Structures are given as structure tokens and as C-alpha cells.
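J.: Need the 3D shape of this:
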Amino acid sequence: MAKKYVNGYDRFRITIIDSSNNQTVYDFTAKYQALTEYYEKISIEQRDISGLVKKKIKYVDHEFRISYPDAIEKDDLLKFKQVENAEIEGKQILLTPHIDYPWRFFDVVIIDERREIGLMSHFRGNER
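T.: Alright, predicted model coming up:
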């Protein structure tokens, strides 16, 4: 029986949709610390005539971080490269945090930040 994790750990999927509505699907393994979900409720506060403060939630902002601090499988790294290329080309990118819940998906906006790709000295480029 497959494990089902609410926060997306285990397996996730990224779907790329081009301008002709063609879809490319990438399923990722979780042989590394994979996906963490963060959310923040964005709200406004209003004070009524009596001075009582009321909070109204406008929306919930979701953030997913993909982390591979120790090592990453070559196939997954190449899939991430395809996702980055799709963003550069202006294609739509969808994230399904857990493939067992296909109805829960999000449009992806990749945050530009420094990335590191390199060989770790203790692996020396060897297969593990």
C-alpha cells in the first residue's frame, strides 16, 4: 500500500503545458529530502465604529521548496533542468505535490535565486 503524505513528501509531479496545450509530465522520486509546503494566510484588519478589530482573510499564499542538500538522482536533476527551460520559454508549469491527489495542483512561479550544481568531494563523480 502506498504511503500518503499530506504535505507532498514521497512523490510529486510537475506538468509542463505549451501554447498548443501539449503536456509533458515529470514524476519525481523522493530519494532525497524532496518537497516542503509552506503557507501564509494573507488578511486585512479592519476596525469597526466601536473600535473592535476584525480580520478578513483575502487568500492563502502557498510556497513549495524542493531541497536536495546531500545528493540528487541524475534523472531528477535533468527533469529540473527541463522545468527551468520551460519557465524560460514561457510555458505553463503545474505542480501536483502528491501524485495520489491529482486534483490538488498549483501554478508554479519559480523564485529566482542562486542554485548550486556540482560534484561533492566525497562522491568524486562516482555512481553510488
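J.: When you work out contacts or count neighbours from here on, use the C-alpha atoms and nothing else.
T.: OK.
J.: And the helices in the protein?
T.: Assigned by DSSP state H, the helices in the chain fall at 74-88.
J.: Give me the most central residue, it.
T.: Geometric centre of the chain, nearest residue: Phe64, 4.2 Å, by Cα atoms, centre = their mean.
J.: Correct me if wrong: that residue contacts Glu37.
T.: Yes: under the criterion of Cα atoms under 8 Å, Phe64 makes contact with Glu37 at 4.6 Å.
J.: and for these two, which residues touch both?
T.: With contacts defined as Cα atoms under 8 Å, 6 or more residues apart in numbering, no residue is adjacent to both Phe64 and Glu37.
J.: quick one: average pLDDT of stretch 101-112?
T.: The predicted model assigns stretch 101-112 a mean pLDDT of 89.
J.: in it, what counts as buried?
T.: Buried residues in stretch 101-112, defined by neighbour count with 16 or more other Cα atoms under 10 Å: 105, 108.
J.: next one: stretch 62-82
T.: Using 16+ other Cα under 10 Å as the test for burial, stretch 62-82 gives 64, 72, 76, 79.
J.: okay, the residues you listed in TSV with distance to Lys56 next?
T.: Formatted as TSV, the entries for these read as follows, by distance: Cα to Cα, whole Å:
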residue	distance to Lys56
Phe64	24
Ile72	42
Asp76	41
Lys79	40
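J.: quick one: least confident of the residues you listed?
T.: Lowest model confidence among these falls on Ile72, which carries 72.
J.: Out of the buried residues of stretch 62-82, which comes closest to Phe106?
T.: Phe64 (9.8 Å; Cα to Cα).
J.: Closest to Tyr26 out of the buried residues of stretch 62-82?
T.: Taking Cα to Cα as the measure, Tyr26 lies nearest Lys79 of the buried residues of stretch 62-82, at 6.7 Å.
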